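**Student:** generate coordinates for the sequence data below:
(2 chains)
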There are 2 protein chains.
Amino acid sequence: MNPNVAAAKAALSHLEMDENPATIRSKSRDFFWYSPILKDRMDHLIADFVVNPASEAEVIEILKTCYAHDVPVTVRGAGTGNYGQSMPMSGGCVIHMKNFNKVKSVYPGGVIAEPGCIMKDLDDEIRATAGQELRMVPSTYAMATVGGFIAGGSGGVGSVRWGALRDLGNIIRLRVVTMEAEPRVLDFRGDELPRVSHAYGTNGIITEVELPTAPAFDWVGVFMRGKDFVEAMQFAADLANQDGILIKLASVYEAPIGHSYFQRVKAHVEPDDTLVGLMIAPQAMDAFAVFAARYPGMSLLYRSDDHDWPRDAGPLYEFAWNHTTLRALKFDPTVTYLQVRYSFPDHFELVEKVRAEFGAEVLQHLEVMRENGKVMFAGLPIVKYTSDERLEEIVRLHEEMGCMIFNPHRYTLEEGGRQSTDARQLNFKREADPKGLLNPGKMIAWDVPDWTYDRIYHYAGITPKPEATE
Amino acid sequence: MNPNVAAAKAALSHLEMDENPATIRSKSRDFFWYSPILKDRMDHLIADFVVNPASEAEVIEILKTCYAHDVPVTVRGAGTGNYGQSMPMSGGCVIHMKNFNKVKSVYPGGVIAEPGCIMKDLDDEIRATAGQELRMVPSTYAMATVGGFIAGGSGGVGSVRWGALRDLGNIIRLRVVTMEAEPRVLDFRGDELPRVSHAYGTNGIITEVELPTAPAFDWVGVFMRGKDFVEAMQFAADLANQDGILIKLASVYEAPIGHSYFQRVKAHVEPDDTLVGLMIAPQAMDAFAVFAARYPGMSLLYRSDDHDWPRDAGPLYEFAWNHTTLRALKFDPTVTYLQVRYSFPDHFELVEKVRAEFGAEVLQHLEVMRENGKVMFAGLPIVKYTSDERLEEIVRLHEEMGCMIFNPHRYTLEEGGRQSTDARQLNFKREADPKGLLNPGKMIAWDVPDWTYDRIYHYAGITPKPEATE
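**Tutor:** You can find the predicted model right below:
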């Protein structure tokens, strides 16, 4: 451990720290390993120490101390990000928010919480006390923290109704601490929010979140099955366009995803069944039945409130979004995935073009969501991995066909997003992190302002692989 | 009074009845007088007697008795319909539901109520006890009944989010009593609902409603102003397309509607101001401010939670939907209106075509709503009335331009709708009202199955005008 890091650690030794090397290693990792490209580059990364603050005052102390000693700081929630968001590129300090996790208050339509609060715990609490729940959560909801979702997530279960996390109105307020000699505490609302939301903790540490809520329901989990992928896709989108039927999730799983990767479902389906997974408000189930009867090729496979399966399917959200990828990886570690945006009004046509191009090499997994008020698809296809080169080619072919790719085989904000500098985030980093110590290597604009995105970015300050140093 | 009617009235004399002739006259009338065409035809209509049941058992008794005596029965809530829905064409019995008005139960996402419950009373109760409110209400919410809304309404405040009342999921269950020798009590759900919803009480009497609810908020009422109608229209539609900003109402009032007809607003606006009226969830106001700043031609005129007007504007919903017409009629009894549907994706273009055609003769009043998941416009323009012939021509010109008209200058279900027989309603009337006594004259398919819609329908059984009988 270099002397600066050791000094910072010593200065913070009165705070809760994890000393077990296995714990430090596990808390230095997120779900970057979904990507073979990131796995190769990040698997060796590890923090020098992990500290678990329980309050804003402790966060401030950590930032002030690490600033004084020039120690990099990477914040993590539960480490469920898939883009290596919370991987400590240069070692140093990892802040784990698990103890900083209280629900502070709830009011009609909104909740205020500390960043380390597990989203399911948050929901359980506000559901019991106020009949509310978060508008949108990731499929890793049962383990992910609310601060991590805002700093590194982009939508998920609930986006079929509420759009993306970054859409106006889906975050009310963020409180952020800067990394300066004297850290400042700032409350951001309205047009200030994009400075720090989805910034991977590169320009401030979130210490309080205020989020809008939606009414909580005992959502009914439903699987529909059909032999025709196009009809299934149409079914899911049409249902989301039913203004009076309240749903929280609509996912399309091309055959044979259900049969191959969904363990509790496998016995009930055939390999050529395309599935549609849904979460439907209970009071809408009659209307849903009327709707479903209009699709002759689709039939009900399962509903959580009325089924004869020996073992229930479990929560439908744990099949959706990146849990689909996770389930596939459990059965077949050689697959990987992409994040695709099929925008309205070309979404159906684009999906069909992609299917025609790749066939079974890229199995379609679609999540219905809203973008600018229109129902469209987010794609998280299961991709057969053969080589980095072919994976890059698959990405390029998608883009050439007109699909937007949020490349999950990249660890920088820019490459996982729109491949351009976000001036709001960069400018705020200049104010809030003058030494560039917050989650280093994740913002290309900070390191290499004239980067051209002609190849994968390699952060010069990354801890070298052990092999390379031997 | 003919002997049958007198006998039925006598047999029901133990029930609450209105005997004052002025009361009977006022309870025989709805808002048909918005239309000069309906006013001419319906102004003289009056019930022979008005009975006010307080229970389903009393409704059954009324129906059974009137069936036995061949007495027509027309049901009314508060009489706020604009299509003459509850005008007793042949006299007879009017059932007034005002005493049959309890909220029976509320659960997360739904409410069960008796049909005579005033919608605002219903909302006040479920808001206080459960933090919920109805998804959509008419602008006459403060006086209209929930049963009347379902039997004669089609959407309103809240339709910007939830679509139309007839969309799947916006009604959960209706209990209906038939008019037979032995009236039956039937519960309808799912695909049975269209038999009796929006049937004007022609084929059964609703005795219980179960409706989905939404979370209740202290909606912030907002008026925006601008000089450019097109920008204002775009502003309203774009706001409704913001998936993360929760709104309940977005109305566009072409200049000079605000200055000419909105009394409490007049002093604050200029004649050439087009207004946008909004109801916004309080937790979305920051996001709304960010959104609004993107429209340089639009500026904030009023927000109900922070203003310096000597007298507040009142609830924004009472400017919207048909309250706009009502306000205009108060200032200028020579105007009338239309009900237009500008469907996606041609809605902007259609509005502009109509404006170019008619200019100030047809002042645009748009309500943003959703249809098949897409934001579009319902139009309730203020129309200068010159003659029946010109009014019919204006309707025809709209239709020729591609606008769907729900003609509010007609009193039949078919003519106020899609000018075609609804077989579900007709077939159920055959079962439920074999003598054709329920709200006679409102369903053309019952009276004249081969009607061709080439002119306004005239019900042969209508009580003749006094002049005609002299």
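**Student:** tell me the helices and strands packed up against the helix or strand harbouring residue A:63.
**Tutor:** Element membership for residue A:63 (DSSP states H and E) is helix A:56-68. Contacts defined by 3 or more C-beta pairs under 8 Å, 6 or more residues apart in numbering or on different chains; DSSP states H and E place helix A:56-68 against helix A:3-11, strand A:73-76, strand A:93-96, strand A:173-177, strand A:205-215. (Glycine included, C-beta is placed from N, CA and C.)
**Student:** run the last query once more with 7 Å
**Tutor:** helix A:3-11, strand A:93-96, strand A:173-177, strand A:205-215 (3 or more C-beta pairs under 7 Å, 6 or more residues apart in numbering or on different chains; DSSP states H and E).
**Student:** alpha carbons of it, in PDB - could you do that?
**Tutor:** Listed next in PDB are the C-alpha coordinates belonging to helix A:56-68 (Å, rounded to 0.1, in the frame of the first residue of the first chain):
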ATOM      1  CA  GLU A  56     -23.200  12.300   5.600                       C
ATOM      2  CA  ALA A  57     -20.700  13.600   8.200                       C
ATOM      3  CA  GLU A  58     -18.600  10.400   7.800                       C
ATOM      4  CA  VAL A  59     -18.800  10.700   4.000                       C
ATOM      5  CA  ILE A  60     -17.400  14.200   4.300                       C
ATOM      6  CA  GLU A  61     -14.700  13.100   6.600                       C
ATOM      7  CA  ILE A  62     -13.600  10.300   4.100                       C
ATOM      8  CA  LEU A  63     -13.600  12.700   1.200                       C
ATOM      9  CA  LYS A  64     -11.700  15.400   3.100                       C
ATOM     10  CA  THR A  65      -9.100  12.900   4.300                       C
ATOM     11  CA  CYS A  66      -8.600  11.200   0.900                       C
ATOM     12  CA  TYR A  67      -8.400  14.600  -0.700                       C
ATOM     13  CA  ALA A  68      -5.600  15.600   1.700                       C
END
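**Student:** what comes up buried for it?
**Tutor:** Residues of helix A:56-68 classed as buried: A:56, A:58-67 (neighbour count, 16 or more other C-beta atoms under 10 Å in any protein chain shown).
**Student:** over to stretch A:271-278?
**Tutor:** Those would be A:273-278, for stretch A:271-278 by 16+ other C-beta under 10 Å.
**Student:** show residues contacting the helix holding residue A:63.
**Tutor:** A:8, A:11-12, A:15, A:51, A:53, A:73, A:93, A:95, A:177, A:179-181, A:183, A:185, A:205, A:207, A:435, A:437 (C-beta atoms under 7 Å, 6 or more residues apart in numbering or on different chains).
**Student:** could you check the pLDDT of whichever residue of the stretch 301-450 of chain A sits closest to chain B?
**Tutor:** Residue of the stretch 301-450 of chain A nearest chain B, by C-beta to the nearest C-beta: residue A:373 (2.9 Å). Listed pLDDT for residue A:373 reads 98.
**Student:** for the closest residue to it other than its chain neighbours, grab phi and psi.
**Tutor:** In this structure, residue A:373 finds its nearest non-sequential neighbour in residue B:241, 2.9 Å apart by C-beta to C-beta, 6 or more residues apart in numbering or on different chains. Reported as degrees, to the nearest 10, the phi and psi values for residue B:241 are phi -90, psi 0.
**Student:** quick check: which ranges of chain A have low pLDDT?
**Tutor:** A:467-470 (pLDDT under 70).
**Student:** what's the domain layout of it?
**Tutor:** Following automatic domain parsing, chain A resolves into domains at A:1-216+A:414-470, A:220-305+A:313-405.
**Student:** pick the most buried one from the helices and strands packed on helix A:56-68.
**Tutor:** strand A:93-96 (a mean of 26; mean count of other C-beta atoms under 10 Å in any protein chain shown).
**Student:** and the contacts of the helix or strand following that one?
**Tutor:** Once the chain leaves strand A:93-96, the next helix or strand it forms, by DSSP H and E, is strand A:103-107. Identification of contacts with strand A:103-107 by C-beta under 7 Å, 6+ apart yields A:111-114, A:117, A:122, A:125-126, A:129-130, A:132.
**Student:** ok, of those residues, which come out buried?
**Tutor:** A:111-114, A:117, A:122, A:125-126, A:130, A:132.
**Student:** so which of the residues you listed sit within strands?
**Tutor:** Counting by DSSP state E, the buried ones among the contacts of strand A:103-107 place A:111-113, A:132 in strands.
**Student:** what residues does the stretch 351-470 of chain A put near chain B?
**Tutor:** A:370, A:372-373, A:375 (C-beta under 7 Å from any C-beta of the partner chain).
**Student:** and if we set it to 10 Å?
**Tutor:** Selection of the stretch 351-470 of chain A residues close to chain B by C-beta under 10 Å from any C-beta of the partner chain yields A:369-375.
**Student:** surely the residue nearest to residue A:373 is in contact with residue A:375?
**Tutor:** No. Look at residue B:241 against residue A:375 with C-beta atoms under 10 Å: they stay out of range, at 11.6 Å.
**Student:** got the contact list for residue A:46?
**Tutor:** Listed by C-beta atoms under 10 Å, 6 or more residues apart in numbering or on different chains, the contact set of residue A:46 reads A:21, A:24-29, A:87-88, A:91, A:94, A:463.
**Student:** residue A:201 too?
**Tutor:** A:73-77, A:85-86, A:95, A:115, A:147-148, A:151-152, A:176, A:179, A:433, A:438-439, A:442.
**Student:** gap between the closest residue to residue A:116 other than its chain neighbours and residue B:418?
**Tutor:** Nearest residue to residue A:116 in three dimensions, chain neighbours excluded: residue A:97, at 3.1 Å (C-beta to C-beta, 6+ apart). In this view, residue A:97 and residue B:418 are 57 Å apart by C-beta to C-beta, to the nearest Å.
**Student:** neighbour count for the two, which is higher?
**Tutor:** More neighbours surround residue A:97 than the other of residue A:97 and residue B:418, with 25 against 11 (other C-beta atoms under 10 Å in any protein chain shown).
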